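Asker: Please work out how this folds:
(4 chains)
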Number of protein chains: 2
Amino acid sequence: MASIYEIARQAGVSPSTVARALSGRGYCSEEKRKKILHLAQKMGYSPSHAARTLKSHITSKVLFCIPDIYNPFYFRMIRGVSEVLEGHDYLPLLCPTKGEMALELRMLQNLREGWGDGMVFVSFNFTPDNIAAVNAAQRPVVLTNNYPEGPDDRFDAVYIDTVEGIAMSCRHFIAQGIRDIGYIGGSSAAQTGQERLAGYSQALREASIPMTADWILDGDFSTASGETAMRRLAALPKRPEALVVANDLMAIGALKVCRELHIRVPEDLKIIGMDDSDSAQLIGLSSVRMREDEIGRLAAELLMDRILGGPRPRRTLRLQPELSLRASSEKI
Amino acid sequence: MASIYEIARQAGVSPSTVARALSGRGYCSEEKRKKILHLAQKMGYSPSHAARTLKSHITSKVLFCIPDIYNPFYFRMIRGVSEVLEGHDYLPLLCPTKGEMALELRMLQNLREGWGDGMVFVSFNFTPDNIAAVNAAQRPVVLTNNYPEGPDDRFDAVYIDTVEGIAMSCRHFIAQGIRDIGYIGGSSAAQTGQERLAGYSQALREASIPMTADWILDGDFSTASGETAMRRLAALPKRPEALVVANDLMAIGALKVCRELHIRVPEDLKIIGMDDSDSAQLIGLSSVRMREDEIGRLAAELLMDRILGGPRPRRTLRLQPELSLRASSEKI
DNA sequence: CTGAAAGCGCTAACAT
DNA sequence: ATGTTAGCGCTTTCAG
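Answerer: Residues are numbered from 1 along each chain as shown, chains lettered A, B, ... in the order given. From the prediction side, this is the model:
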């Protein structure tokens, strides 16, 4: 409430003397400094963040855009982000976008208006509109997905190689001598869905295993869709020996159906999921660790580097996923 | 980058005309409005959030202080918060405090400096220092815990009745005719630990069941501590028939040990946890739903009410928890 | 309908 | 060592 002007008036000095006394920069006699500090204390003075920002163009905030606030996956990412930010006395401003482009554009607009000094942007809508808005924001943005890079793009990216993640799962089975491998994917409309399927077909091609159409099923990343897919698989005359699933929720759905139908895991069917969620760990489901925390940390580091440091060439980091092997995928 | 001054110069009008044209408030000829709007578009104008805030004292942000960024419990709470904020075009600024008072005070200082218009404050350190800082912040704060209310406190609170939560679990067993009920609690040093234990002893007292010291164990809310406690219980000459556990993680630890020692759940031992986590649901562990999302929502509503509305009397809301009954606690 | 001017609160260059 | 002044960018009141 109280400003340096109030203090100045009461102390009988000029506002700039107060500013110097409080900031510690510039000259100020010991006597006045004491008086001023005491007065500031008494009047409950606190500097105005808004005024400072207006002057300095530093907000000490970073926008963190996520598509789905209900997904623990992203929250694990924000751990990494806020860890790094904390070291710089920055705070993350949480921007839930529901994956809706309109909201994403709104948040990018907020960035332009200076709600924060930069943005960590998790999105799946990499349309030209969106990319243009990112570039137009005039402030550093770090993407956390693989995306088709344009020549004029001015932002960094750090992402995990999902193609490789699914391929690793397949290869794990292939190394066990298994050739009959099924796949439950996400919607192939989305980029993530396509990438994961690509990992599957790539790994099979490497091993010269032909793809079996009946064994390739589409889900929507929900547990329910995993159940549906598994039921369809179970009904086939010949079932695969192993199953690669594009996320843990669907894998859990599949496991549920297996238990129901007395399909033993891993004896009759081996399964690997993806995300390495708490649930996977709890029930012994093998999975692919997507290193969300590291993605968050690296994204925040790239971002802070741009915010604090000068301009530098664009940088893109790709992380490799890791298998978390548990009972559900192992040889007996 | 471009300010209304730039636009004014290029349009050959005064800054205030530009301001009127852009805001839509006040008079402006159609001709000039068009010219200005077009210019603004072309120059990539965006209003400065900092300048607006300095002038209006509205930041459109709310600080959300949480002790533990690694705990899904709090993330479920933020869902509710951000849902409500979204309706007012406010964004939550995430303030991780690690439960450290120093960081909490720092965030309260940020609040005073106007980093946000108010705060949802999850804390366990309700010392006089802390409370004083909340009152000194001069901006609305909503607490999400029960706390010893002082006469000068000017903040709202919304919290869940944990005492009742644990008591409900106990009564559920008592209603089944069970009298031998054990308890694994959190550290009784913390407020939460004490409250939960109070719920246990209260329920037993109501039913005139004497407390058995051997059956009352202390953990630290971690899975490992749940295992340790369960091992100790298992080693007793006489074990309880049912077990009330102060959170799901410890209950999961206990379940693990039960499986290991071939103690059948619920036949030999019935268990109810607390938090109603995803894991509890997954493995059929009965639990107490703490309604985090509603707490978040209500807290945000109280806060926005104070931010947008005028002053009003202090308000405190207490929510009742709910039992989520699953296989682990049921009669066979 | 339009422009000048003051003010939000702090900072920093400059003058005294 | 201290004070004056201008400026950050927008809003709003008051003249014209």
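
Asker: Next, the buried residues of stretch A:253-260.
Answerer: Neighbour-count burial for stretch A:253-260 flags A:253, A:254, A:255, A:256, A:257, A:258 (criterion: 16 or more other CB atoms under 10 Å in any protein chain shown). Quick note: C-beta positions are derived from backbone N, CA and C, even for glycine.

Asker: Let me see the contact set for the last one.
Answerer: Listed by CB atoms under 8 Å, 6 or more residues apart in numbering or on different chains, the contact partners of residue A:258 are A:230, A:234, A:264, A:265, A:268, A:269, A:271.

Asker: one more time with 7 Å, if that's ok
Answerer: With contact set as CB atoms under 7 Å, 6 or more residues apart in numbering or on different chains, residue A:258 has these partners: A:230, A:265, A:269.

Asker: how far is the helix or strand where residue A:106 lies from where the chain is centred?
Answerer: Secondary structure assigned from DSSP states H and E places residue A:106 in helix A:101-112. Relative to the centre of its chain, helix A:101-112 is centred 17 Å away, using CA atoms, centre = their mean, to the nearest Å.

Asker: does DNA strand D sit close to it?
Answerer: No. For helix A:101-112, no contact with DNA strand D is found by CB under 7 Å from any atom of the strand; the gap never falls below 10.8 Å.

Asker: So which elements touch the helix or strand following that helix?
Answerer: On the C-terminal side of helix A:101-112, the nearest following helix or strand under DSSP H and E is strand A:119-121. When contacts are defined as 3 or more CB pairs under 7 Å, 6 or more residues apart in numbering or on different chains; DSSP states H and E, strand A:119-121 packs onto strand A:61-66, strand A:141-143, helix A:292-308.

Asker: Redo those as JSON lines? Include mean neighbour count, distance to chain B and mean pLDDT.
Answerer: Below are these laid out as JSON lines (neighbours: other CB atoms under 10 Å in any protein chain shown; distance: least, CB to the nearest CB, whole Å; pLDDT from 0 to 100):
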{"stretch": "strand A:61-66", "mean neighbour count": "25", "distance to chain B": "7", "mean pLDDT": "98"}
{"stretch": "strand A:141-143", "mean neighbour count": "26", "distance to chain B": "15", "mean pLDDT": "97"}
{"stretch": "helix A:292-308", "mean neighbour count": "22", "distance to chain B": "10", "mean pLDDT": "97"}
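
Asker: which bits of the stretch 1-150 of chain A sit near DNA strand C?
Answerer: Counting by CB under 7 Å from any atom of the strand, the stretch 1-150 of chain A sits next to DNA strand C at A:1, A:3-5, A:15-16, A:19, A:22-23, A:25, A:45, A:47-48, A:51-52, A:54-56.

Asker: Once you drop chain neighbours, what's closest to residue A:61?
Answerer: Counting by CB to CB, 6 or more residues apart in numbering or on different chains, residue A:61 lies nearest to residue A:116, which is 4.1 Å off, once chain neighbours are set aside.

Asker: and residue A:94, that one's in a strand?
Answerer: Yes. Residue A:94: assigned to a strand according to DSSP: H, G, I helix; E, B strand; the rest coil.

Asker: and the gap between the nearest residue to residue A:269 once chain neighbours are set aside and chain B?
Answerer: Excluding the flanking residues, the one nearest residue A:269 by CB to CB, 6+ apart is residue A:263, at 5.5 Å. Computed as CB to the nearest CB, to the nearest Å, the residue A:263 to chain B distance reads 19 Å.

Asker: on that earlier part again, just the buried residues from the residues of the stretch 1-150 of chain A next to DNA strand C, in ChimeraX please.
Answerer: Listed next is the ChimeraX selection for buried residues among these, using 16+ other CB under 10 Å:
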select /A:3,4,19,22,45,47,48,51,52,54
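
Asker: near chain B too, which of the residues of the stretch 1-150 of chain A next to DNA strand C?
Answerer: A:1, A:47, A:48, A:51, A:54 (CB under 7 Å from any CB of the partner chain).

Asker: and residue A:21, what pLDDT?
Answerer: In the predicted model, residue A:21 carries a pLDDT score of 93.

Asker: Three-state assignment for the closest residue to it other than its chain neighbours, please.
Answerer: Leaving aside its chain neighbours, residue A:21 sits nearest to residue A:36 (4.1 Å; criterion: CB to CB, 6+ apart). Following three-state DSSP, we place residue A:36 in the helix state.

Asker: rewinding a little: next, format the helices and strands packed on strand A:119-121 as TSV and append distance to DNA strand D.
Answerer: Output for the helices and strands packed on strand A:119-121, formatted as TSV (distance: least, CB to the nearest atom of the strand, whole Å):
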stretch	distance to DNA strand D
strand A:61-66	17
strand A:141-143	20
helix A:292-308	17
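
Asker: give me every residue that touches the residue lying closest to residue A:114 once chain neighbours are set aside.
Answerer: Spatial nearest neighbour of residue A:114, excluding adjacent residues (CB to CB, 6+ apart): residue B:49 at 4.6 Å. Residue B:49 makes contacts with A:113, A:114, A:115, as judged by CB under 7 Å, 6+ apart.

Asker: and the second one, how many residues sit next to it?
Answerer: Under the neighbour criterion other CB atoms under 10 Å in any protein chain shown, residue A:114 is assigned a count of 23.

Asker: Quick check, it in contact with residue A:59.
Answerer: Yes. Counting by CB atoms under 7 Å, residue A:114 touches residue A:59, with 6.4 Å between them.

Asker: Which stretches in the stretch 51-200 of chain A count as helices?
Answerer: With helices called from DSSP state H, counting those that start in this stretch, the stretch 51-200 of chain A shows them at A:72-86, A:101-112, A:128-136, A:162-175, A:191-206.

Asker: same deal with the stretch 201-332 of chain A?
Answerer: Going by DSSP H, counting those that start in this stretch, the stretch 201-332 of chain A shows helices at A:223-234, A:248-261, A:278-283, A:292-308.

Asker: Out of the ones you listed, flag the one nearest residue B:207.
Answerer: helix A:278-283 (33.5 Å; CB to CB).

Asker: what helices or strands is that closest one leaning on?
Answerer: Against helix A:278-283 (3+ CB pairs under 7 Å, 6+ apart) you get helix A:248-261, helix B:278-283.
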